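Peer 1: okay, here's the prediction I keep looking at, along with the sequence it came from:
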Amino acid sequence: MFDKTTAGAEVAMMMLARSLAVTALLAVPLGTVPAAPHSPSVAAQPTPRSPGAQRCFPSHVVEGKARQAARVHTCVSLDHVFMTVTAPAECGTARFAACDSAGTWRMSRNGGRIASGVLGRRVQYPGPGTYEIVTTLRVTSASRGVDLRTRWTTKGTLSWPSPEPTHRIDVSPRTVRSGRTTTVTYTVTRLGARGDSNARLGLVGEATTGVRLTSADRQCSNPLTGGYPSSQRQAHVLDCALVDIQPGHPSTVKVDVQVGKSCSTVVSKMGYWLPKGQDTYTGNMMQGPTLTCVP
């Protein structure tokens, strides 16, 4: 076995060194979440001031049979408007080495769930605050004969500031009804000089309900599903390639939502650029408002 006090000190020193290195060098950014409460207006977030920042919380020690042991900790890294939760692990019997880890996490604040997901997949950064993160993890190493499972709760503070929004999506009305066709209007607004005039607005209904989304706007179309020369399109999905969004000049799209006997919600999402010279990874995604359905 190993000395837990010494191991904890080593990890703390390693985390401090890593944090100082990231701060000094401004490292390159490291990078299914429950939907946010439905809102008629949802704003996108631009790049925070500290892309590439990472916060690791104190280590957790797992012990198993036959002297198996692992040292794991929960880390949160910032990638533009997104965060990624990971749980790196070291394991072994006499000596520790890097091991594989996989699992899920759940983040809450004041007893309310904020976000959850699979380790290593990014989600939208919820802003600064003190959070509880419950991590469910499996640590394995075939070469070292380690296979351990654990679950632990970490409480810590994320201090990265919430960025100012760059775009906003509004929708009216917010409700559709079964057995009817409702015309709704989406409005996309650029809130400042960041970004450009282009964005892709996507609307998705529940496929199994038979809901159909259509628009007379030439910027919008139902996507093709098969290979050429297939002409089959997804009626429950509508993509709108917007090209004239400017500060002071929002873009509007009218959409007909035809709901059958079975109700369907319609979610919205949007991808957009924040151009930065010839850099490649400068795009963002945002979640828009969700249409609810009344039987």
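Peer 2: Nice, thanks for sending it over.
Peer 1: what is the least confident helix or strand in this structure?
Peer 2: Ranked by mean pLDDT, DSSP states H and E, the helix or strand of the chain with the weakest confidence is helix 4-25, at a mean of 38.
Peer 1: could you export the host helix or strand of R168 as PDB, CA atoms only?
Peer 2: For R168, the element it lies in under DSSP states H and E is strand 167-172. Provided in PDB are the C-alpha atoms of strand 167-172 (Å, rounded to 0.1, in the frame of the first residue of the first chain):
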ATOM      1  CA  HIS A 167     -26.100  36.400 -29.600                       C
ATOM      2  CA  ARG A 168     -29.700  36.000 -28.400                       C
ATOM      3  CA  ILE A 169     -32.500  33.700 -29.700                       C
ATOM      4  CA  ASP A 170     -36.100  34.700 -29.100                       C
ATOM      5  CA  VAL A 171     -39.200  32.700 -30.200                       C
ATOM      6  CA  SER A 172     -42.900  33.600 -30.200                       C
END
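Peer 1: flag every buried residue along it.
Peer 2: 167-171 (16 or more other C-beta atoms under 10 Å). Bear in mind the C-beta positions are built from the backbone N, C-alpha and C, glycine included.
Peer 1: mind putting those residues into JSON lines with pLDDT?
Peer 2: As requested, the buried residues of strand 167-172 are exported to JSON lines (pLDDT from 0 to 100):
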{"residue": "H167", "pLDDT": "94"}
{"residue": "R168", "pLDDT": "96"}
{"residue": "I169", "pLDDT": "97"}
{"residue": "D170", "pLDDT": "98"}
{"residue": "V171", "pLDDT": "98"}
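Peer 1: dump those residues into TSV; add distance to I245 as well.
Peer 2: Shown next, in TSV, are the buried residues of strand 167-172 (distance: C-beta to C-beta, whole Å):
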residue	distance to I245
H167	8
R168	11
I169	11
D170	13
V171	16
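Peer 1: sorry, back to before: who are the packing partners of the strand holding R168?
Peer 2: Counting by 3 or more C-beta pairs under 8 Å, 6 or more residues apart in numbering; DSSP states H and E, the packing neighbours recorded for strand 167-172 are strand 41-43, strand 181-190, strand 266-273.
Peer 1: could you rerun that using 10 Å?
Peer 2: strand 41-43, strand 181-190, strand 199-205, strand 251-258, strand 266-273, strand 283-287 (3 or more C-beta pairs under 10 Å, 6 or more residues apart in numbering; DSSP states H and E).
Peer 1: and the ones you listed, which is most packed in?
Peer 2: Of all these, strand 199-205 has the most neighbours on average by mean count of other C-beta atoms under 10 Å, namely a mean of 21.
Peer 1: strands paired with it, and their directions?
Peer 2: strand 237-242 (antiparallel), strand 266-273 (antiparallel) (DSSP bridges).
Peer 1: the next helix or strand after it - what's its average pLDDT?
Peer 2: Counting by DSSP H and E, the next helix or strand C-terminal to strand 199-205 is strand 212-214. Strand 212-214 shows a mean pLDDT of 98.
Peer 1: give me the contacts around strand 212-214.
Peer 2: 181, 184, 203-205, 220-222, 234-239, 255-260, 264, 266 (C-beta atoms under 10 Å, 6 or more residues apart in numbering).
Peer 1: could you redo the last one with a cut-off of 6 Å?
Peer 2: Residues outside strand 212-214 that contact it (C-beta atoms under 6 Å, 6 or more residues apart in numbering): 203, 205, 235, 238, 255-258.
Peer 1: now do the same contact list for Q124.
Peer 2: Applying C-beta under 6 Å, 6+ apart, the residues contacting Q124 are F82.
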